[in-house]
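> Dropping the sequence and predicted coords here.
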Amino acid sequence: MAFRGGAVPPPPGRRGRGGVLPLVRGPALPLLPPGRDARVRRARGRLRAVTDLGAPEHLGALLGIALATAVLVVAARRPNPDWWLKTLAVVLVVDEVSWWAYLLLGGVPGSLLALSLPLQLCDTAIFITAAALWTRRPLLVEVTYFWGLAGTIQALLTPDLPQHFPSYPYWQYYIAHGGVVASALVLVVGLRIHPRPWAVLKVAALTIAYAALVGAIDLVTAANYMYLRAKPPTATLLDVLGPWPWYIGTAALIGFALLALLDAPFRPVRRR
């Protein structure tokens, strides 16, 4: 879900000697062309220092999400889980909408809001996850499962979050991303709504189509949704996948392999 594409003016007192500090989450803009220079490398170094992977605030969030997921998966196998599944759906949507309220109340200019639309894959996954929890329709569950465990979980392991505990952006980020991952396991492991045959190809096709749409929006708005124009400023898996634009193709191949791997446990079940 990350920063929604744009550099957002910080709250009062957050301006440092280096200029405007990105408020939270994602590829800081204004975005330079793909041939990035030393200024980008320096910015990436500063944000890496802020994110601090493996810090107690990061590991604590992961532990809390893991424990909550285990409890919810067990609870899903008990009678009448419908009420709390729908409650979880509402929580995810409210958490996402609250981020927009946070931006608006902070006085973010409309031009920057245009670069902060909920178009990152994790943003869209939140609404799909909420719909899957509410309706339990197979296609929605499949998209939630594959996007959640192949994509959103990476945002938890390498968070694009230059904010610290206990700030609001910290809580909002981990509730959103952790909620998608937990919901994916609740639906597939807890409720046993398993992916159907050809689910991998269907979700892969939907993902490619969505990426093409987002890429067109990136061209029009000069944003960086789905990191199609540049890598995130913080350390992520994309850092080892080569320069732009090659990392996009490499990430797509890895993504398809992850979908197939996530589908593997259910193939023997489908043959019965």
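That came through, no problem. All figures in this text were calculated on a predicted structure; none of them were measured in a lab.
> From here on, just use CA atoms for contacts and neighbour counts.
Fine.
> Mind listing what's buried along the helix or strand residue 96 falls within?
Secondary structure from DSSP states H and E places residue 96 in helix 82-105. Buried residues in helix 82-105, defined by neighbour count with 16 or more other CA atoms under 10 Å: 85-86, 88-93, 95-96, 99-100, 103.
> pLDDT-wise, what's the bottom of these?
In terms of pLDDT, residue 103 ranks lowest among the buried residues of helix 82-105, with 79.
> could you list every residue that touches it?
Counting by CA atoms under 8 Å, 6 or more residues apart in numbering, residue 103 touches no other residue.
> Quick check: it vs residue 168, distance?
Separation of residue 103 from residue 168 (CA to CA, to the nearest Å): 12 Å.
> Name the nearest of the buried residues of helix 82-105 relative to residue 67.
When the buried residues of helix 82-105 are compared for distance to residue 67 (CA to CA), residue 88 wins out at 15.8 Å.
> Quick check: the closest one vs residue 160, distance?
As judged by CA to CA, residue 88 and residue 160 stand 24 Å apart.
> same question, residue 263
For residue 263 relative to residue 160 (CA to CA), the value is 27 Å.
> out of those two, which sits in the more crowded spot?
Just comparing residue 263 and residue 160: by other CA atoms under 10 Å the higher neighbour count belongs to residue 160, 27 against 20.
> that's a helix at the more buried one, yeah?
No. Applying DSSP: H, G, I helix; E, B strand; the rest coil, one finds residue 160 to be coil, outside a helix.
> Just read off the phi/psi values of it.
Backbone torsions of residue 160, given as degrees, to the nearest 10, read phi -90, psi 70.
> again with residue 235
Phi and psi for residue 235, reported as degrees, to the nearest 10, are phi -70, psi 130.
> show me what contacts residue 90?
Contact analysis of residue 90 by CA under 8 Å, 6+ apart lists residue 130.
> how much space between it and residue 124?
Counting by CA to CA, the gap from residue 90 to residue 124 is 15 Å.
> same deal with residue 238?
Residue 238 is 20 Å from residue 124, by CA to CA.
> Residue 196 too?
For residue 196, the distance to residue 124 equals 22 Å [CA to CA].
> where in the protein is pLDDT low?
Confidence mapping of the chain against pLDDT under 70 gives the ranges 1-52, 107-115, 162.
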